[in-house]
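Asks: Need coordinates for the following:
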Amino acid sequence: MKRKNEGERADIYTRITEKILADLEKGVRPWMQPWRAGNAIGRVTRPLRHNGLPYAGMNVLLLWSEAIARGYTLPIWMTFKQAIELGGAVRKGESGTTVVFASRFTKTEVGSSGEEFDREIPFLKAYTAFNVAQIDGLPDRYYARAEPVENPVARIEHADRYFANTGAVIRHGGDRAYYSPGSDHIQMPPFEAFRDAASHAATLSHEACHWTGAPHRLNRDLSRYAKDRSDRAREELLAELGSCFLCADLGIAPELEPRPDHASYLDSWLRVLAEDKRTIFQAAAHAQRAVAFLHDLQPAASKEREVA
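Replies: Next up is the predicted model:
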């Protein structure tokens, strides 16, 4: 049974990674596709569960990619059972989308000296979700289109406040955007150099994800970033995914076209993903942690912690 479970987990990693590799080999970043199709219908958002809670990590990529591949314009997903409980029914012939669930279980083992100890073992399970476009009979609220944003300037001002609340040192000048670990600051080109305010916020979100990796924050090892192409590719993949997650949470479209300094990472991503089928899962998990860290720096999150 143990070998079967390990084989099933490996198969999940392999199937999902191969799907993403196929997209990348076509020059398509699957996590960007929802905005390539245009976002006039509704607002930019993460995929949502039946109860309105957003998906996180790897599942965001899986559902975004599937939504554009099948032309879904509504962000809500649910299981077959959840649809029935809500009074709906998945249409005959519809195929679902793989969603993954990561957790851990504790196993008691015996050491070489006969002592017992507990070891936590991670596991990955897959289940199937359906988009509301595949389901009939749900309450009307599940099919409702989001109202268009009437005042986009206010939305960008919200993003500006968000980054200010992080406390990151952000400097403007020059023609490159980057995070400097040595001086612990984010460097951005002048605001006027960007196509629009959304592009500026999207670029800043990418660099803010790098910023979270400092030793006194999430403590990712950035020491080999400048020396090792594989380490650099992994960190850039993490920041790109984190930027997409964060932009969705802020209601703005991410960088639709890769910056010149990022376009070169495509070959590196293909290589590291092909070498290790868990890389994309690890990158998505680290990206989720980076965004959660930035969210926790917001005043509302601080108040929630005080109440708790």
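Asks: Quick one: residues contacting the closest residue to Tyr142 other than its chain neighbours.
Replies: Leaving aside its sequence neighbours, Tyr142 sits nearest to Val132 (Cβ to Cβ, 6 or more residues apart in numbering; 4.8 Å). Every residue, glycine included, has its C-beta placed from N, CA and C. Contacts for Val132 (Cβ atoms under 8 Å, 6 or more residues apart in numbering) come out as 74, 76-78, 138, 142-143.
Asks: Now, of those residues, which are buried?
Replies: Neighbour-count burial (16 or more other Cβ atoms under 10 Å) applied to those gives 74, 76-78, 138, 142.
Asks: Among the residues you listed, name the ones in strands.
Replies: Counting by DSSP state E, the buried ones among the contacts of Val132 place 77-78 in strands.
Asks: CSV for the buried ones among the contacts of Val132, including distance to Gly182 and pLDDT?
Replies: Shown next, in CSV, are the buried ones among the contacts of Val132 (distance: Cβ to Cβ, whole Å; pLDDT from 0 to 100):
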residue, distance to Gly182, pLDDT
Leu74, 45, 88
Ile76, 44, 95
Trp77, 43, 97
Met78, 47, 97
Leu138, 53, 97
Tyr142, 50, 94
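Asks: What is the nearest of the buried ones among the contacts of Val132 to Pro30?
Replies: Nearest to Pro30 out of those is Trp77 (Cβ to Cβ; 16.4 Å).
Asks: what about the residue lying closest to that closest one once chain neighbours are set aside, how many neighbours?
Replies: Closest residue to Trp77 apart from its sequence neighbours, by Cβ to Cβ, 6+ apart: Ala129 at 4.3 Å. By the measure other Cβ atoms under 10 Å, the count of residues near Ala129 is 24.
Asks: The helix or strand Ala129 falls within pairs with which strands, and in what direction?
Replies: For Ala129, the enclosing helix or strand under DSSP states H and E is strand 116-131. Here strand 116-131 is paired, per DSSP bridges, with strand 77-78 (antiparallel), strand 97-110 (antiparallel).
Asks: who touches it?
Replies: Applying Cβ under 8 Å, 6+ apart, the contact partners of strand 116-131 are 5, 9, 12-13, 63, 66-67, 70, 72, 74, 76-80, 83, 90, 94, 96-111, 281.
Asks: could you redo the last one with a cut-off of 7 Å?
Replies: 9, 12, 67, 72, 74, 77-80, 83, 90, 94, 96-111 (Cβ atoms under 7 Å, 6 or more residues apart in numbering).
Asks: Just after it, pick out the following helix or strand.
Replies: Criterion used, DSSP H and E; the element after strand 116-131 is strand 135-136.
Asks: counting contacts, what elements does the helix or strand that contains Ala208 pack onto?
Replies: Secondary structure from DSSP H and E places Ala208 in helix 197-211. On a contact count with 3 or more Cβ pairs under 7 Å, 6 or more residues apart in numbering; DSSP states H and E, helix 197-211 meets helix 152-165, strand 178-180, strand 185-188, helix 229-250, helix 279-296.
Asks: packing partners for the longest one?
Replies: The one in question is helix 229-250. So helix 229-250, by 3+ Cβ pairs under 7 Å, 6+ apart, packs with helix 152-165, helix 197-211, helix 265-275, helix 279-296.
Asks: Can you list the buried residues in the shortest one?
Replies: This points to helix 265-275. So, applying 16+ other Cβ under 10 Å, buried residues of helix 265-275: 265-266, 268-269, 272-273.
Asks: Serialize those residues to CSV and add fields for pLDDT.
Replies: Below are the buried residues of helix 265-275 laid out as CSV (pLDDT from 0 to 100):
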residue, pLDDT
Tyr265, 77
Leu266, 79
Ser268, 86
Trp269, 88
Val272, 91
Leu273, 91
